[in-house]
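Student: show me the folded form of this:
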Amino acid sequence: MIKRPLNSRFSKIFLRGDKTTTIRDNPWPVGVPIMLYNWSGKPYRSKHENIGTVVVSSVREIKITHRTDGGMLYAYGYPADRPIHMTEGFPSRSEMDDWFSRIVKPGETVTKAMMFFL
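Tutor: Presented below is the predicted three-dimensional model:
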């Protein structure tokens with residue numbers, strides 16, 4: 001089975017069924033069971049703790065822009081029943097913005113894959 005790491009802050013949110021998407025550098029295969037796990041200690045130096053299995057129903061491109069004024073934009077062209085910060089497992093939009101502002105430099109736009117779970 002394919003395994004992918006999940007930041008431990010999202011484990012309970014995923015298990016509740018509230019995290020229904022994930023944004024990564026590369027797309028995951030559609031229709032294939034994927035085991036999400038946390039590291040039990042230091043990454044790459046500890047065992048995996050399995051969290052649960054997901055099956056990706058679709059993958060969409062998402063463009064994340066960190067504006068020079070500090071604001072964040074998420075363009076993924078897919079209608080959602082909930083705001084993106086909620087599908088991603090963040091309690092607020094500002095927490096999601098903080099997370100991605102560390103990844104995307106001010107004035108830059110990155111393109112990533114957004115996976116939707118069944």
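
Student: avg pLDDT for the longest strand seen in the chain?
Tutor: In the chain, assigned by DSSP state E, the strand with the most residues is strand 48-66. Across strand 48-66, pLDDT averages out at 97.

Student: same check on stretch 82-97?
Tutor: Averaged across stretch 82-97, the pLDDT comes to 95.

Student: now swap in stretch 108-118 and tell me
Tutor: Mean per-residue pLDDT for stretch 108-118: 95.

Student: how distant is stretch 40-47 from the center of its chain?
Tutor: Mean C-alpha position of stretch 40-47 versus that of the full chain (C-alpha atoms, centre = their mean, to the nearest Å) differs by 20 Å.

Student: end to end, how far does that stretch reach?
Tutor: 5 Å (C-alpha to C-alpha, to the nearest Å).

Student: who's in contact with that stretch?
Tutor: If you take C-beta atoms under 8 Å, 6 or more residues apart in numbering as the criterion, stretch 40-47 is touched by 5, 39, 48-49. Glycine gets a C-beta too; all of them are placed from N, C-alpha and C.

Student: longest helix of the chain?
Tutor: Looking across the chain with DSSP state H, the single longest helix is helix 93-101.

Student: for that one, which positions count as buried?
Tutor: By neighbour count on 16 or more other C-beta atoms under 10 Å, the buried set for helix 93-101 is 96-97, 99-101.

Student: great, nothing more from me.
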